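Asker: I would like to see how this sequence folds:
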Amino acid sequence: MKNPAVITLLTDFGTQDTYVGAMKGVILGINPSANIVDLAHDLPKHDILAASFALESAYHFFPAGTIHVAVVDPGVGSKRRALAAQLNNHLFVAPDNGILTPILEKRKPKEQVISLENRSFFLPRISGTFHGRDIFAPVAAHLSIGVKLNAFGPVVTDPVLLPWPKTKQAANSISGEVIHVDRFGNLVTNITRNCLVAIGVNPTGDDKAMTQIGRSRLREIVGSYSQKRRGQLLAIIGSVDRLEIAVREGSAASIHRTWRRGTKVTVSKTNNA
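Answerer: Purely as a prediction, here's the structure:
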């Protein structure tokens, strides 16, 4: 027996109102056996980059063929396109505003991006303020019952891409920046595990690596929070395989209020502990 289709929902709608519930109702009305997973709904309002990071961090933990609906859409009701795409063995439904940037940047030549234009797969009435319910949810539901991607509209060759922050590597150092602050106040950077390996740093814990953020210098990358005292600042590889600046049982973002998304971070390989 074939397993029910998995559909994830990622929005900035919150849970106070009925918006997310309405999207689920539309999906279940088309495919009552769909397995709907709430990825996150309390993203910062209108923050496309935050949504992009969240989606890129989590989608690959789902089974191949999962349909991911990502709706952070400050341009709703405008002439911005609506997209569906098949990327890395997953399906994505989202506005064409850059939310898919880090996934699209790794797109393979045969992977398609489609402009959603076939209105027969939308709800009969389309609100100018709620395309999540009226366009993206029904499209995801029709994908989940086997409608082929090319049935929804023409191929797009120029999807919108955000200026995703890049790292800069030197002989013995890597420079990047904070790209996300999580609810614990941990500062997640765009410096990945592989970036550290490239400069000879052991990402599971290295006492010969200097991490600089602002005026603070951390003289090692630890393997776990337990290696530091409560309230102590630390550098660690977090669960999404990126360098994080954190405080054990505290909030780095609250203690260092000038550190936020965009704050520069550099890791250097040193000769001494």
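Asker: quick one: end-to-end distance for stretch 146-166.
Answerer: The stretch stretch 146-166 measures 37 Å between its terminal residues, going by CA to CA, to the nearest Å.
Asker: quick check: buried residues in that stretch?
Answerer: By neighbour count, with 16 or more other CB atoms under 10 Å as the criterion, the buried positions of stretch 146-166 are 147, 149, 152, 153, 156, 159, 160, 162, 164. The C-beta positions use only the backbone N, C-alpha and C, and glycine is treated the same way.
Asker: how about the helices in the stretch 151-273 of the chain?
Answerer: Chain-ordered helices for the stretch 151-273 of the chain, with DSSP state H, counting those that start in this stretch as the definition, fall at 193-198, 252-255.
Asker: out of these, which comes closest to residue 37?
Answerer: With CB to CB, the closest approach to residue 37 among these belongs to helix 193-198: 25.9 Å.
Asker: circling back: would you mind finding the most buried of the helices of the stretch 151-273 of the chain?
Answerer: By mean neighbour count, with neighbours taken as mean count of other CB atoms under 10 Å, helix 252-255 ranks first of the helices of the stretch 151-273 of the chain at a mean of 17.
Asker: returning to what we had before: got TSV for the helices of the stretch 151-273 of the chain, with mean pLDDT and distance to residue 43 too?
Answerer: Listed next are the helices of the stretch 151-273 of the chain as TSV, based on pLDDT from 0 to 100; distance: least, CB to CB, whole Å:
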stretch	mean pLDDT	distance to residue 43
helix 193-198	95	24
helix 252-255	94	16
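Asker: so which of these is nearest residue 87?
Answerer: Residue 87 sits nearest to helix 193-198 of all those, at 20.2 Å, using CB to CB.
Asker: and which of the buried residues of stretch 146-166 is nearest to residue 235?
Answerer: Checking those one by one against residue 235 (CB to CB), the nearest turns out to be residue 164, at 22.3 Å.
Asker: what sits closest to that closest one if chain neighbours are left out?
Answerer: Of all residues beyond its chain neighbours, the one nearest residue 164 is residue 101 (5.2 Å), with distances taken as CB to CB, 6 or more residues apart in numbering.
Asker: noted, bye for now.
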